[in-house]
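**Student:** compute the structure for the input listed below.
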Amino acid sequence: MIKPRVLIVDDEPQILRFLEPALKAGDFDVVTAVTGAEAVKLAATKAPDIILLDLGLPDKDGKNVIQEIRSWSQIPIIVVSARDREVEKIASLDLGADDYINKPFGIGELLARIRAQLRHRKDREIVTTTYQSNGVVINTVKHEVTKDGKPIHLTPKEFDLLLLMMKNLDRVLTHKQILNVIWGPAHSHDVQYLRVMIGQLRQKIESNVSEPEILLTEAGIGYRLNGGNKN
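**Tutor:** Next comes the predicted model:
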């Protein structure tokens with residue numbers, strides 16, 4: 001059985017020395033980061049199931065980390081912070097944090113909150129297993145894609161890209177947002193990678209590649225998957 005992966009983001013060595021063995025004893029896989037930049041990179045490359053985030057990081061405020069990650073991912077985030085002012089809690093939750101726990105805390109309570117967030121995430125994933133638009137259907141359980149009932153073969157990256165666009169139907173995703181998710185932050189400026197893959201994907205899902213009606217370009221910004229209204 002694969003262990004759930006927790007990304008701990010905290011620059012206090014004593015917190016890491018306390019949390020890492022406690023979580024491993026609780027049957028979790030653990031990854032750690034001590035800066036906000038490292039946290040964003042690991043969130044994209046290590047695929048954690050949940051993030052424990054301190055707000056007082058050496059390079060940026062933890063609230064900015066929440067904002068960056070929420071621009072491309074819905075990974076559950078629990079803020080673990082010594083900041084106990086209500087305004088900090090409200091701001092963190094409004095930016096997309098799923099829970100907020102004050103330091104000092106009991107490991108039993110923290111583990112319970114982690115398990116609760118993982119249950120909520122699993123429930124959300126179970127509910128949505130099929131995405132569709134304009135005759136294109138993705139089945140995430142079978143890892144299959146069809147167009148007008150006919151199977152389409154996609155590479156793993158093409159599948160991930162199409163699924164990302166389907167999950168954000170009719171929303172414009174910037175080049176950087178897409179690149180962060182599909183290739184990771186190290187490739188956030190490699191727009192040519194994205195253009196090539198968009199072209200490949202259009203070859204497989206569009207009726208007329210020269211006049212796309214499903215995967216639309218938003219000039220100078222990024223791309224949008226048409227929710228059904230042909231432009």
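
**Student:** other SSEs contacting the host helix or strand of Arg17?
**Tutor:** Per DSSP states H and E, Arg17 falls inside helix 13-25. If you count contacts as 3 or more Cβ pairs under 8 Å, 6 or more residues apart in numbering; DSSP states H and E, helix 13-25 packs onto strand 5-9, strand 29-33, helix 107-127. Just so you know, the C-beta spots here come from the backbone N, C-alpha and C atoms, and that holds for glycine as well.

**Student:** now do the contacts for the residue nearest to Arg113 when sequence neighbours are not counted.
**Tutor:** Leaving out its chain neighbours, the residue that sits closest to Arg113 by Cβ to Cβ, 6 or more residues apart in numbering is Asp99, at 5.5 Å. Neighbouring residues of Asp99 by Cβ atoms under 8 Å, 6 or more residues apart in numbering: 76-79, 113, 116-117.

**Student:** what does Phe159 give?
**Tutor:** Phe159 neighbours (Cβ under 8 Å, 6+ apart): 138, 143, 145.

**Student:** and it, that's in a strand?
**Tutor:** No - secondary structure of Phe159 (DSSP: H, G, I helix; E, B strand; the rest coil): helix, not part of a strand.

**Student:** now, of the helices and strands packed on helix 13-25, which is deepest in the fold?
**Tutor:** strand 5-9 (a mean of 23; mean count of other Cβ atoms under 10 Å).

**Student:** now the angle from that strand to helix 13-25?
**Tutor:** Here the directions of strand 5-9 and helix 13-25 differ by 170 degrees (axes from the mean of the first three to the mean of the last three Cα atoms, to 10 degrees).

**Student:** relative to the whole chain's centre, how far out is strand 5-9?
**Tutor:** Relative to its chain's centre, strand 5-9 lies at 14 Å (Cα atoms, centre = their mean, to the nearest Å).

**Student:** residues near Tyr193, how many?
**Tutor:** Residues lying near Tyr193 (other Cβ atoms under 10 Å) number 16.

**Student:** that one and Val40, how far apart?
**Tutor:** With the distance defined as Cβ to Cβ, to the nearest Å, Tyr193 ends up 19 Å from Val40.

**Student:** now do Asp94
**Tutor:** 19 Å.

**Student:** before we move on, back to that, can you put the contacts of Asp99 in JSON lines and add pLDDT and distance to Met165?
**Tutor:** What follows is these, written out as JSON lines (pLDDT from 0 to 100; distance: Cβ to Cβ, whole Å):
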{"residue": "Pro76", "pLDDT": "95", "distance to Met165": "22"}
{"residue": "Ile77", "pLDDT": "97", "distance to Met165": "23"}
{"residue": "Ile78", "pLDDT": "97", "distance to Met165": "28"}
{"residue": "Val79", "pLDDT": "97", "distance to Met165": "29"}
{"residue": "Arg113", "pLDDT": "95", "distance to Met165": "32"}
{"residue": "Ala116", "pLDDT": "94", "distance to Met165": "30"}
{"residue": "Gln117", "pLDDT": "93", "distance to Met165": "26"}
